Structure formats: structure tokens, C-alpha cells
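Student: Compute the structure for the input listed below.
(chains A and B)
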Amino acid sequence: MNGIDFGDLLAGLSTLIRDWPSLIMMALGGVLIYLAIAKEYEPVLLLPIGLGCIIGNLPLSSMVDPAEQGMLAVIKSAGVDNELFPLLIFIGVGAMMDFRPLMAQPLFALMGAAGQFGIFGTLIVAVLLGFPLNEAASIGIIGAIDGPTSIYVANALAPHMLGVISVVAYSYMSLVPIIQPPIMRLLTTREERLTKMDYAPRPVSKTALILFPIVVTVAVGILVPKAAPLIASLMIGNLLREAGVVQRLARTAENELINISTLFLGLVVGSTMTAESFLRWDTLKILVLGLFAFALDTAAGILFGKLLYVLSGRKINPLIGAAGISAFPMAGRLVQRVAQDEDFSNYVLMHAMGANTSGQLGSVIAGGVLLTLVLPMVGN
Amino acid sequence: MGFLGTTDRPSALATQVANQMRDLDWTLAHFTFVANVTTLAAECDIAHSPAMSVASCRSQPDLELAFLGESSDLLATYATFLADPGSAVSLLVSEEQRDVVESAFDVDSVVPHWQMLYSGDPRDLDVGSVTEVVENDLSAVQSLSRSEGYELTAFLANPLAQGPAFGIWERRRLIAMGMTVLELPKVVWLGNVVVRSEYRRRGLASAVVAGLLHRHLSHGRTPFSVVRQDDDACVGFFGRMGFEQARPLFAMKCVLR
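Tutor: Residues are numbered from 1 along each chain as shown, chains lettered A, B, ... in the order given. Predicted coordinates:
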């Protein structure tokens, strides 16, 4: 019988001392957990990401070792590498989405398109800064301000950047209330912010609500095939909601399905945040570019809103354009607050929600467009 | 009216509410929503369409919703524009609205209340030695409510911000108080009537409420109060002060789906 090798008991400690950058990553995981709990910054995602980061950087951790069938390795293989979890999350998101504000005011679909400009603008800037096209596109997708879309696209184009892209995307999503209002005020005049809009929605029939997810799935699937998985997942969930006959499925989608997928996705994404992939100067650049993408989205939406303000004879409040992003419903609420800061009786929330819903849809389509354009160019 | 906003063109909602407020009974029945569009407007978010309007006030520690409309679907949807699914919300609603709420949200608790409307004779009011409680007296107000284990009903961070409050002092110590909980253009909610336990049964509560009634009636406002139906002492007290049970209201605690 061999004697006990006490060195084995200390192997983790000695590995950690040698691999000190992992300690930094574990501390970063702690920071994410702190932000999730103390500041409530996107806690549903940042908390599992933070914990995943700590687990993934534990020395000799078997949880992330595929050879040992580690739990996180198995989950990664089962639901992240093949993009399953983001799609399951989209089913849940779709079950929670109400497209009535958009369908009642179709004009605001344009705002959702304008609000995606940051994705493509940032892609160009990232390329100019020397990032390869696949990485530049993954950075640009932060401008979707949509976690699952960012993860889906980054995983397809630059899986080695999945961790940093996810953390940056979710971090900025939680900072929407800080980032957007100054840009809104900077780019609009008081007179524009004071614009009152009557809310006279077109009636939306039950049939229209049911047909909408089917028609959008088919239309987007034909026009932007790479976006089909994202859109189809979103619309599966939405059809469950609007059909009105499968409440159990709809509730499962918007609760258990999305919660379990989010938990697993967060843990796995966190576990991919290794020192090697994260502690690089590029991470700082990505942070800055992510903020740039966010700001550019907001600015483009507002500038488009200003165009509509002029074309409509000053009947459309340009602030609405800032809601044409995916951060729902926060962006819509912020538009209402900024408008109310000027005149408390200015109720633009419903218009903003129309643009915000459109932004949700727009970000998914933009992700598909990005994959369609970039994947062939990078040889996938 | 001042609540129509700072621009020349009032919003459709403000105009609609201004028109409906001509009916005093409507205003009393929907006072929580009216408050969100009038005196609390600067602190409130409102999702509004012709079929449903839902308001929430940012200044309150707990999320309180008020609404106009009959569609539970729209209520559920608009509420999620204002608060995240899973959020706990409170509502004070009429009997008709209760059904709408029960269909829209998951209900945790329902506590029946009476809206008691003042219909007494102002000449019977005996103000006694009450004095107005002002903002500088806030710490005394909080001390009294704390010592009596009473949770102040307040729609703004400062419970004295909604309108006049009256109290009775003894050697610089506040021993009884009553407040304007909510002041709307035509009606006022009187409440937060608290008397130190050792000074009860001396008519102090009656005096502070008389002071409030005197002030508000002289300005042409209709006073009311909201009391729990199972609080016999409170219902009896306001009854003796000349208040009548006008309509049942339901304090509901719910969770957004």
C-alpha cells in the first residue's frame, strides 16, 4: 500500500500560487457577485457569471474539465457550444413580450432599426483599431444591448471572447439608466423634449397577435436565414403567449425554462472567463468599444427621432428614438422620465414602449444580419 | 388647472381626468389615480391608452399602482411597463376594480376598508387648542408615530408635504396629531391620527381632526378618510366626527406576473 502523499492535498494551493492571475479572476468573480447583490446590476445573470468565474478559475477544478465530465463542462457542451441556451432564453423572452404597442404604432418599427446603428458603427471602429473581423463583429454586437443575442453571436464568431463580451454586455445593460439620459439631453432641445404626442393606437385584433409571430418567423427566416434560430425561438414563445390556449406552456417558458437556461448559461459563461482570455489590454478596448456601441445606438435612435420630428411637423417627440434599443422596458421608462423632467404631464411611455418593443425585435434581426454578413467572410 | 402641465397643450390624459373630476363622486371613487395625475404627477410614471391608464409613484418606498380601465390584460401588460415581473405592488381599489386586479395579478392579501366621507355640520367642530404642525416638527411627528407603533401613511418622503397637519403639544412634546394624507384639487384624505396612549379619551383626536376639517372645508374641499373595516374603534371615531361610510375600498398586495 502506498503512503499518503500530503503534497496532493496542497496541490491546489501550490497551483494557485503559481497561477496567480487566476486569483485576480476569482476576485473579479467576487466583484460581479457584489455588483449583482449589492447594486442589483443584472443580478439574474451577473450572479451566476460571477460564481462561474470563481469556479472556473479554481486550481485543478474538475468542474470545468471535459476529460473528467465536469458539471460545467458537460453543461457547456450540451447547451452553450451548440447555442441551445440562448435560444431557450429567447423562447422565454418571447413568452414575456407583448407586441401590441408596436403593432398599434407600426411607425415605431423604424426606431427599432435606427437603434441598431451602434452595432455596425462599432464593428467598423473595432476593425479600424485592428481587431479581426470576427472579433470586431462580436464587439459590435454589444450594441444590441441584448444579452442572449450578444452571447449567441459572440459564440458563433469568436467563442474565445464569450466571457468578456457577455460581462461587458450585461454590465452596460445594467447601466442603461446612467448612460442614456445624458445623451438624450445632449442631443435634443427642450422644445423637442416638450413635444406631446397623442396616443391613438390602432386596434390590434387577436388574429393579428397570433399571426404576427408566424409571419415574422417566415419573413425573417427567408430574408435573413442566419437570424432564423433567434427569431423563431423568440416567436415560439410569443405564439405560446398569444395563442391563449397553452397558458401552462407559456408560463413554463417565461419562468422555469428561461430561469434554468439563464442559470446554466451564466455559470458556463463565467467559467470561460479565464485569465488568459480576460486579462488583456483588448479587454479594456472592448469595454470602451461596448460603451461606444451603446452610446451610438442611443444617439442614432435620437437623431432618427429628430428626423421624424421634423418630417411629422413637430408631432413626434425625438426622445422616443432612444427607446429603439433592446433594453426593455428600461429604455422606454427612461424616455418617459426625461420627457417628464421637462413637463410632468407629458406621457410618452406608450410610444416609447412601441419603439422599445421594436428595438427588441431589431436587435435580434441585427444579430442575424451580422452573422449573415460576417460568417462567410471569416470562413465559417 | 395647474396639473395640466407646463406647456400650452394639455395631454389627452390630463384633459380626460380634468373633465371627469367635475363629478365629485367619480373623483372620490378614483382618488388614487387622480392623485397620480395631479398632486403627485411629478413623481409618477403613467402608461396610458384610451382603454387603460396605469400609474405608479416613484416616491413611495413600496410600489403602489393605481389605474383607470376595465381590461385586466391591459392592466397586467401596462404594469410591466412600470415595474418588473415578480415585483410586489400595492393597490387601493374599489369593488369593481378588485375583480380586474384579481385577474391581472397574483393576489397575496386583500384588506377591506371603508372610504368615509365627511357629511357632518362644520358648526359642531371644536378645534380646541390645536396648532398647525409644520415641516420643522417632522422629528416630533416621527417620534410620536414611532412611540405608538403607528406606521404613517405617506405618498411622499415627507409625510407633511401633502397639506396641513395639526397637533396638540404639551411642554414641547407632541401628544396628538392628524394629517392631510393626500390633497387633490377638490378632495382631501385625512388620516395619520395618532394620540399618545397616556393622553387618550380626552378628545384630542377629535380636536386635531376638527382642525383639519375646519381648514379644508373653508377652502371648499371635501374631506374623507380611509379606515380598515375591522377597526371598529377607528370606524366609530370617524363616524362620531360626522363621517359616513361612502364606499368599500380594498387594500390589495399583489405580485406582477
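
Student: part of a strand, is B:Ala161?
Tutor: No: judged by DSSP: H, G, I helix; E, B strand; the rest coil, B:Ala161 forms no part of a strand; its state is coil.

Student: Show the pLDDT at the residue in the stretch 201-350 of chain A that chain B sits nearest to.
Tutor: Nearest to chain B in the stretch 201-350 of chain A, going by C-beta to the nearest C-beta, is A:Ser345, at a distance of 2.9 Å. Any C-beta I mention is one placed from the backbone N, CA and C, and that applies to glycine too. On pLDDT, A:Ser345 comes in at 83.

Student: and if you look at A:Thr252?
Tutor: Value for A:Thr252, per-residue pLDDT: 95.

Student: mind listing what it touches?
Tutor: Taking C-beta atoms under 8 Å, 6 or more residues apart in numbering or on different chains, we find A:Thr252 in contact with no residue.

Student: so it sits in a helix?
Tutor: Yes: secondary structure of A:Thr252 (three-state DSSP): part of a helix.

Student: gap between it and A:Ile183?
Tutor: A:Thr252 sits at a distance of 38 Å from A:Ile183 (criterion: C-beta to C-beta, to the nearest Å).

Student: cool, B:Ala66 as well?
Tutor: Note on B:Ala66: its distance to A:Ile183, by C-beta to C-beta, is 32 Å.

Student: again, but for A:Asp8
Tutor: For A:Asp8 relative to A:Ile183 (C-beta to C-beta), the value is 56 Å.

Student: Looks like the residue of the stretch 201-350 of chain A closest to chain B contacts B:Thr15 (just checking).
Tutor: No: using C-beta atoms under 8 Å, A:Ser345 is not in contact with B:Thr15; the gap is 9.7 Å.

Student: who has more neighbours, these two?
Tutor: Using other C-beta atoms under 10 Å in any protein chain shown, the more surrounded residue of A:Ser345 and B:Thr15 is A:Ser345, with 25 against 13.

Student: That one belongs to a helix, doesn't it?
Tutor: No: going by three-state DSSP, the assignment for A:Ser345 is coil, not a helix.

Student: Buried residues, whichever strand or helix holds A:Pro376. List them.
Tutor: Taking DSSP states H and E as the definition, one finds A:Pro376 inside helix A:349-377. Under the neighbour-count criterion of 16 or more other C-beta atoms under 10 Å in any protein chain shown, helix A:349-377 has A:349-371, A:374-375 buried.

Student: likewise stretch A:124-136?
Tutor: Within stretch A:124-136, the residues that count as buried by 16+ other C-beta under 10 Å are A:Val125, A:Ala126, A:Val127, A:Phe131, A:Leu133, A:Asn134, A:Glu135, A:Ala136.

Student: Identify the residues contacting B:Leu190.
Tutor: Contacts of B:Leu190 by C-beta under 8 Å, 6+ apart are B:Gly178, B:Met179, B:Thr180, B:Val181, B:Val209, B:Leu212, B:Leu213, B:His216, B:Pro223, B:Phe224, B:Ser225.

Student: Let me know the secondary structure of residue 22.
Tutor: If you meant another chain, say so; for now it's chain A. helix.

Student: um, chain B though
Tutor: coil.

Student: From A:Ala299, how far off is it?
Tutor: 45 Å.

Student: distance between stretch B:245-255 and the chain's centre?
Tutor: 12 Å (C-alpha atoms, centre = their mean, to the nearest Å).

Student: does that stretch come close to chain A?
Tutor: No: residues of stretch B:245-255 are not located near chain A by C-beta under 8 Å from any C-beta of the partner chain, the shortest gap being 12.5 Å.

Student: In PDB, could you pull the C-alpha coordinates for that stretch?
Tutor: Output in PDB follows, covering the C-alpha atoms of stretch B:245-255 (Å, rounded to 0.1, in the frame of the first residue of the first chain):
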ATOM      1  CA  GLN B 245     -69.300  55.000   5.100                       C
ATOM      2  CA  ALA B 246     -69.300  56.100   1.400                       C
ATOM      3  CA  ARG B 247     -67.900  53.000  -0.300                       C
ATOM      4  CA  PRO B 248     -65.800  49.900   0.300                       C
ATOM      5  CA  LEU B 249     -62.200  50.000  -0.800                       C
ATOM      6  CA  PHE B 250     -59.800  47.200  -0.800                       C
ATOM      7  CA  ALA B 251     -56.100  47.400   0.000                       C
ATOM      8  CA  MET B 252     -54.500  44.700  -2.100                       C
ATOM      9  CA  LYS B 253     -51.000  43.400  -2.100                       C
ATOM     10  CA  CYS B 254     -50.100  41.600  -5.300                       C
ATOM     11  CA  VAL B 255     -47.300  40.300  -7.400                       C
END
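
Student: Show me which parts of that stretch are buried, residue by residue.
Tutor: B:Ala246, B:Leu249, B:Phe250, B:Met252, B:Cys254.

Student: which phi and psi does the closest residue to B:Leu204 other than its chain neighbours have?
Tutor: The shortest distance from B:Leu204 to any non-neighbouring residue, by C-beta to C-beta, 6 or more residues apart in numbering or on different chains, is to B:Ala176 (3.8 Å). As for B:Ala176, its main-chain torsions (degrees, to the nearest 10) stand at phi -150, psi 150.

Student: Counting neighbours, what do you get for B:Ala176?
Tutor: For B:Ala176, the neighbour count with other C-beta under 10 Å is 26.

Student: ok so, going back, check the buried residues of stretch A:124-136 against A:Pro229 and report the nearest one.
Tutor: Set against A:Pro229, the nearest of the buried residues of stretch A:124-136 by C-beta to C-beta is A:Asn134 (18.6 Å).

Student: In the stretch 51-200 of chain A, what residue lies closest to chain B?
Tutor: For the stretch 51-200 of chain A and chain B, the shortest gap (C-beta to the nearest C-beta) falls at A:Asp98, measuring 5.0 Å.

Student: so where do the strands sit in the chain?
Tutor: I went with chain A, as the question did not name one. When assigned using DSSP state E, chain A turns out to have no strands.

Student: You answered for a different chain; I wanted chain B.
Tutor: B:44-49, B:52-57, B:65-69, B:88-94, B:106-118, B:131-133, B:165-170, B:173-183, B:187-195, B:222-228, B:243-255.

Student: Which neighbouring elements make contact with the fifth one?
Tutor: So the one you mean is strand B:106-118. Here strand B:106-118 touches strand B:222-228, helix B:232-240, strand B:243-255, going by 3 or more C-beta pairs under 8 Å, 6 or more residues apart in numbering or on different chains; DSSP states H and E.

Student: Just the buried residues of it, please?
Tutor: So, applying 16+ other C-beta under 10 Å, buried residues of strand B:106-118: B:Val107, B:His113, B:Trp114, B:Gln115, B:Met116, B:Leu117, B:Tyr118.

Student: likewise the shortest one?
Tutor: Of the residues in strand B:131-133, B:Val133 count as buried by neighbour count, 16+ other C-beta under 10 Å.

Student: List the pairing partners of that strand within its sheet, with orientation.
Tutor: Sheet pairing of strand B:131-133 (DSSP bridges) gives strand B:165-170 (antiparallel).

Student: How about the last one?
Tutor: When pairs are called by DSSP bridges, strand B:243-255 turns out to pair with strand B:88-94 (antiparallel), strand B:106-118 (antiparallel).
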